[in-house]
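> the sequence and its predicted three-dimensional model are supplied below.
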Amino acid sequence: MNNYRKKILITGGAGFIGSHVVRLFVEKYPKYQIYNLDALTYAGNLENLKDLEERPNYNFIKGDINDEKFIINIFSRHEFDGVIHLAAESHVDRSITDPLAFVRTNVLGTMNLLNAFKNTWDNDYEDKLFYHISTDEVYGSLGESGLFTETTSYDPNSPYSASKASSDHFVRAYGETYGLPYVISNCSNNYGPNQFPEKLIPLFINNILNNKPLPVYGDGNYTRDWLYVLDHARAIDLIYHKGKNKETYNIGGFNEWKNIDLVKLLCEQMDEKINREKESSEKLITYVKDRPGHDLRYAIDASKIKIELGWEPSVTFEEGLSKTIDWYLSNEDWLMNVTSGDYQKYYLKQYS
């Protein structure tokens, strides 16, 4: 293990985005020792990384970032050179139901990591980095025009976005107060393989397969910018290695869609791929009561990362959506496994 150049802790590495980041780093950097820390709650799934289990530079650690003593212990034992912090409660609907869970994980959990990182290196931060992954939702809601930039004022409207905004502020405060080296990125909506079906695209793929209603909030005109998850992983790689200390980078797909238009495109592609009569899936669309504090529009200006680091999305939304559907259709056992048990209780509570 002494032959490895870096030891990097990736939190939430068994989750949707985290598993793609772990895979990229393990495969691309054989001289890095990668530690995947995950509590394996409902959205964490080691099946996402089963093929990496025998890799010599991959290690899985089961644990919770909310457990301060545990976090101190693993930092003391491994002395991580870098942290890529993805572990978070991330679903807005759940945050409305249980906001304190989001405070515990997103705020206090981040604080535990910051303190452990700071105390491990005690101001000797050469070639060290704390990379905090955040969301565009911290910026609040846009009108019909305009884009979020790295200097847009924070204006969170849900317990989820408020908890992420708080964690962003703490990371920056540790940089200013203690000199802790950090970067932050704020990303738009991700989609792609391995996403837990509480989020719109995998939820609707699963519902179409099972001829269940497609619950669309309000009038369906809420607008989001969508990014293919593998493109997000590439951006994280670039920011970790080439991003400037104490800088923020917005990551977006240059790809705005109204929810209802996205759902109709998804229905169209699903009908074609599973050989259903045209427009049959669209008949499953059901408008449901809007959720509280629902932001009208998010849109990211990702020009900074494009100009400074040379990153841009690699696929169009239509291409990425097609790849995503193909993955779920080829992995129905995975989908069946993650939609059993506690997921069914959550689904009934949220959408019935």
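Happy to help now that I have it.
> now Val103: how far from Asn3?
In this view, Val103 and Asn3 are 41 Å apart by C-beta to C-beta, to the nearest Å. Every residue, glycine included, has its C-beta placed from N, CA and C.
> these two - which one has more neighbours?
Val103 (18 against 6; other C-beta atoms under 10 Å).
> so that one is in contact with Ser163, correct?
Yes. Counting by C-beta atoms under 8 Å, Val103 touches Ser163, with 5.6 Å between them.
> quick one, helices of the stretch 51-200 of the chain?
68-78, 92-97, 99-102, 110-121, 159-178, 200-209 (DSSP state H, counting those that start in this stretch).
> mean neighbour count and distance to Leu296 added to the ones you listed, as JSON lines?
Shown next, in JSON lines, are those (neighbours: other C-beta atoms under 10 Å; distance: least, C-beta to C-beta, whole Å):
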{"stretch": "helix 68-78", "mean neighbour count": "15", "distance to Leu296": "38"}
{"stretch": "helix 92-97", "mean neighbour count": "18", "distance to Leu296": "14"}
{"stretch": "helix 99-102", "mean neighbour count": "17", "distance to Leu296": "22"}
{"stretch": "helix 110-121", "mean neighbour count": "20", "distance to Leu296": "28"}
{"stretch": "helix 159-178", "mean neighbour count": "20", "distance to Leu296": "14"}
{"stretch": "helix 200-209", "mean neighbour count": "21", "distance to Leu296": "16"}
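> out of the ones you listed, which comes closest to Ile184?
Smallest distance to Ile184 across these (C-beta to C-beta): 5.9 Å, for helix 159-178.
> other residues contacting the closest one?
Helix 159-178 is touched from outside by 88-92, 94-96, 99, 102-103, 105-107, 110-111, 114, 118, 123, 130, 132, 134-135, 137-138, 140, 154, 156, 180-182, 184, 186, 245-246, with contacts defined as C-beta atoms under 8 Å, 6 or more residues apart in numbering.
> go again using 7 Å as the cut-off
The contact list for helix 159-178, computed with C-beta atoms under 7 Å, 6 or more residues apart in numbering, reads 88-90, 92, 95-96, 99, 102-103, 106-107, 110-111, 114, 118, 130, 132, 134-135, 137-138, 154, 156, 180, 182, 184, 246.
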